[in-house]
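Novice: let me see the structure of the following:
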Amino acid sequence: MRYRTRVTAPAAALIGTAAALATGGTAPALAATRTRPTDPDPSPGPETLGDPVFPALGNDGYRVRAYHLDLSYDATARRVDAVATLRLRTTRALSRFSLDALGLDIRAVEADGCAASFEQADEKLRITPARALDEDCAVTVRVEYSADPRRTLAHTAWVPTPDGFAICPQPNSAHTVFPCNDHPSDKAGFSFRITVPNGLRGVANGLLTGVEAVDGDRTAYSYRSLAPIATELVQITVGDYVVKDRQGPHGLALRDVVPTARAAALEPALSLTPGLVSWLEDRLGAFPFETYGLLPCNSDDPNAFDFTGLETQTLTLYKPNFLLQEEKKIGSHMMHELVHSYFGNLVSPATWADLWLNEGHADFYGLLYRYERGWADSLGLTTMEARMKDTYARGDQWRHDSGPVAAPNAADLFDSQRYLGGVLVLYAFRQLVGEDAFHAVERTFLERFRGGSASTDDYIAVASHVTGQDQSGFLRDWLYGTKTPRMPGHPDWTLNPVASSLAAPHSHRSGHWHENSATL
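Specialist: Okay, the predicted model is just below:
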């Protein structure tokens, strides 16, 4: 229980920042510009962070320390009015900077309390402050805007439901909900205030910090995260929900957000979470956040979102009907999503090319959980070794069709190569170094980069350090090679010949969302 209540200095700083933003100014005034003769002449900040998969995503010249999102939902017009308050710190002198924003109707922008000029171009909100910003100065940016969750966009995070909405920002759509530096390498503190008509509930990541009755028969719900969040992991939902609280292992507070009319029917699935957490803590250490739970979104519309479950920090989004199935149909995938609390949330990908770290690990532990219980997978196999032998045989075909495991593009980012291909890499590495060394690498990686982002190179470096041997050649061959290496311990395993066309079991659907998790 002791690790549930311990707050480190960085976490405390995040709490203070979020509280200051939420209450409108209990912290000391932020510095504006200051005279620094050595500063270079201010210039516009770059409108990219150079991501290899989404090169237009993110912005440079600053880093975000904290967001406070104040949203008000009009159930009649089905629109959202909002104010996003961002606390930034510049990394260079800036005459102008940009945020990612798409489909938002921006009304006004302020920088350090002064009106700023702005323009929207493509998926950028360009902001020109009243005076240029020096390098290494703190800046508070306030953006007033409105949004229509039903608006048709090139891509969107909004999931409209009959009684409100949820959001699914991954990988590149958080900026359709709020203006942000929309890249997992720029994690920040988050606090929220969600105002809704009485009878509905507003929910967000983290812990509930306040409930306030406001004029017009409305209620405001406030939340705060105790850990930094990547923008793609933000969750905001409004609807006719009941919150079900229970206790997990070691005093962990579990919170499920459930459609009121289906709460009883969903209880068997919700009751599985404590056991899932215990199993995973035995392997990866104490659960890393203040709470966890499921959010069965109040919609089973097949067009609502094209996936079964989605990790958002401290809440996993599901369609209710999936969770109404028997345990052996859902337990492995529930484990997959829970693993993302460690790989993906606690440690986020440095770039989207590092997605295999998220999905490979989630499927790896999800499959282990399945096979320990004797549940056959979708191929009828009941052991990890049998599944990896089958996956290994497909290896060259997948590299031909989708490139190496750690070299995706936007079209194939979420296909089987990132999921099962990632599992195969982890399995090969465990075969090479043994069970104990493998688990030591896993825990060391999570501890070293907790609260931040990490790259494939970072994982390789930890693997080399912990095992005392240079693992770069082995892991790079598996992660970046165009041919599948020999499997340690299984010299008899063979590869299928490569066909010229995409193999049917590996085909992927249009868009970002397709079900390639082997845990389903």
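Novice: thought residue 413 was touching residue 171?
Specialist: Yes: at 6.8 Å, residue 413 and residue 171 qualify as touching, with contact defined as C-beta atoms under 8 Å. Using the backbone N, CA and C atoms, a C-beta is placed for each residue, glycine as well.
Novice: just the helices in the stretch 351-500 of the chain please.
Specialist: With helices called from DSSP state H, counting those that start in this stretch, the stretch 351-500 of the chain shows them at 355-372, 384-393, 395-402, 416-433, 435-448, 456-467, 472-480.
Novice: how about the ones you listed in JSON lines, adding mean pLDDT and mean neighbour count?
Specialist: Shown next, in JSON lines, are the helices of the stretch 351-500 of the chain (pLDDT from 0 to 100; neighbours: other C-beta atoms under 10 Å):
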{"stretch": "helix 355-372", "mean pLDDT": "98", "mean neighbour count": "24"}
{"stretch": "helix 384-393", "mean pLDDT": "98", "mean neighbour count": "18"}
{"stretch": "helix 395-402", "mean pLDDT": "97", "mean neighbour count": "20"}
{"stretch": "helix 416-433", "mean pLDDT": "98", "mean neighbour count": "24"}
{"stretch": "helix 435-448", "mean pLDDT": "98", "mean neighbour count": "16"}
{"stretch": "helix 456-467", "mean pLDDT": "98", "mean neighbour count": "20"}
{"stretch": "helix 472-480", "mean pLDDT": "98", "mean neighbour count": "17"}
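Novice: now distance to residue 152 too, for the ones you listed, in a markdown table please.
Specialist: Listed next are the helices of the stretch 351-500 of the chain as a markdown table, based on distance: least, C-beta to C-beta, whole Å:
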| stretch | distance to residue 152 |
| --- | --- |
| helix 355-372 | 27 |
| helix 384-393 | 38 |
| helix 395-402 | 29 |
| helix 416-433 | 28 |
| helix 435-448 | 40 |
| helix 456-467 | 36 |
| helix 472-480 | 38 |
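Novice: among the ones you listed, which comes closest to residue 339?
Specialist: helix 355-372 (4.3 Å; C-beta to C-beta).
Novice: any idea how far the closest one is from the middle of the chain?
Specialist: 16 Å (C-alpha atoms, centre = their mean, to the nearest Å).
Novice: from the contact counts, what lies against that helix?
Specialist: Secondary structure elements in contact with helix 355-372, counted by 3 or more C-beta pairs under 8 Å, 6 or more residues apart in numbering; DSSP states H and E, are helix 273-284, helix 327-339, strand 348-349, helix 384-393, helix 416-433, helix 456-467.
Novice: mind putting the ones you listed in CSV, distance to residue 244 included?
Specialist: Putting the helices and strands packed on helix 355-372 into CSV (distance: least, C-beta to C-beta, whole Å) gives the following:
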stretch, distance to residue 244
helix 273-284, 11
helix 327-339, 16
strand 348-349, 28
helix 384-393, 34
helix 416-433, 30
helix 456-467, 36
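Novice: and these: which comes nearest residue 147?
Specialist: Between the helices and strands packed on helix 355-372, strand 348-349 lies closest to residue 147; by C-beta to C-beta that is 24.8 Å.
Novice: wait, residue 416 sits on residue 424?
Specialist: No: the pair residue 416 / residue 424 is not scored as a contact, 10.2 Å apart, by C-beta under 8 Å.
Novice: just confirm residue 186 is within a helix.
Specialist: No: applying DSSP: H, G, I helix; E, B strand; the rest coil, one finds residue 186 to be coil, outside a helix.
Novice: neighbours around it, how many?
Specialist: If you count neighbours by other C-beta atoms under 10 Å, residue 186 ends up with 21.
Novice: I'd say it and residue 66 touch.
Specialist: No: taking C-beta under 8 Å as the definition, residue 186 is not a contact partner of residue 66, at 11.6 Å.
Novice: least trustworthy helix or strand in the protein by mean pLDDT?
Specialist: None of the helices or strands of the chain scores lower by mean pLDDT, DSSP states H and E than helix 2-5, at a mean of 30.
Novice: strands along the stretch 201-350 of the chain, start to end?
Specialist: 201-204, 207-214, 218-224, 236-239, 241-247, 253-259, 291-292, 294-296, 309-312, 315-318, 348-349 (DSSP state E, counting those that start in this stretch).
Novice: so which of these is nearest residue 389?
Specialist: Closest among the strands of the stretch 201-350 of the chain, once you apply C-beta to C-beta, is strand 309-312, at 27.2 Å.
Novice: rewinding a little: so which of the helices of the stretch 351-500 of the chain is nearest residue 85?
Specialist: helix 355-372 (29.1 Å).
Novice: send me that closest one as CSV with only the CA atoms.
Specialist: Output in CSV follows, covering the C-alpha atoms of helix 355-372 (Å, rounded to 0.1, in the frame of the first residue of the first chain):
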residue,chain,number,x,y,z
LEU,A,355,4.9,1.8,-31.5
TRP,A,356,6.1,-1.9,-31.4
LEU,A,357,7.2,-1.2,-27.8
ASN,A,358,3.6,-0.5,-26.9
GLU,A,359,1.8,-3.1,-29.0
GLY,A,360,4.4,-5.9,-28.9
HIS,A,361,4.6,-5.8,-25.1
ALA,A,362,0.8,-5.6,-24.8
ASP,A,363,0.3,-8.7,-27.0
PHE,A,364,3.2,-10.5,-25.4
TYR,A,365,1.8,-10.4,-21.8
GLY,A,366,-1.8,-10.8,-23.1
LEU,A,367,-0.8,-14.0,-24.8
LEU,A,368,1.1,-15.3,-21.8
TYR,A,369,-2.0,-14.7,-19.7
ARG,A,370,-4.2,-16.5,-22.2
TYR,A,371,-2.0,-19.6,-22.4
GLU,A,372,-1.5,-19.9,-18.7
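Novice: and the angle for it with helix 416-433?
Specialist: With axes from the mean of the first three to the mean of the last three C-alpha atoms, to 10 degrees defining the directions, helix 355-372 sits at 70 degrees from helix 416-433.
Novice: and helix 355-372 with helix 472-480, angle?
Specialist: Using the same axes, to 10 degrees: helix 355-372 against helix 472-480 is 90 degrees.
Novice: which residues touch stretch 394-405?
Specialist: 356, 360, 408-409, 412, 415-418, 421-422, 424-425, 478-484, 495-499, 502-503, 505-506 (C-beta atoms under 8 Å, 6 or more residues apart in numbering).
Novice: what sits against the closest residue in space to residue 199 that isn't next to it in sequence?
Specialist: Closest residue in space to residue 199, ignoring its immediate chain neighbours: residue 240 at 7.0 Å, by C-beta to C-beta, 6 or more residues apart in numbering. Residue 240 sits next to 163-164, 199-201, 259-261, 298 when contact means C-beta under 8 Å, 6+ apart.
Novice: from residue 41, how far out is residue 240?
Specialist: 55 Å (C-beta to C-beta, to the nearest Å).
Novice: do residue 336 as well
Specialist: Per C-beta to C-beta, residue 336 is found 50 Å from residue 41.
Novice: can you check residue 499 too?
Specialist: Taking C-beta to C-beta, one finds residue 499 at 57 Å from residue 41.
Novice: next: residue 431.
Specialist: In terms of C-beta to C-beta, residue 431 sits 56 Å off from residue 41.
Novice: pLDDT below threshold where in the stretch 51-200 of the chain?
Specialist: Counting by pLDDT under 70, the stretch 51-200 of the chain contains no low-confidence range.
Novice: which stretches of it form strands?
Specialist: Counting by DSSP E, counting those that start in this stretch, the strands of the stretch 51-200 of the chain are 62-74, 79-90, 94-100, 105-111, 114-115, 117-121, 124-128, 138-147, 158-161, 164-167, 189-197.
Novice: in CSV, list these along with mean neighbour count and distance to residue 314.
Specialist: Listed next are those as CSV, based on neighbours: other C-beta atoms under 10 Å; distance: least, C-beta to C-beta, whole Å:
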stretch, mean neighbour count, distance to residue 314
strand 62-74, 22, 15
strand 79-90, 20, 20
strand 94-100, 24, 23
strand 105-111, 17, 29
strand 114-115, 12, 35
strand 117-121, 14, 31
strand 124-128, 21, 28
strand 138-147, 20, 23
strand 158-161, 20, 18
strand 164-167, 26, 14
strand 189-197, 24, 11
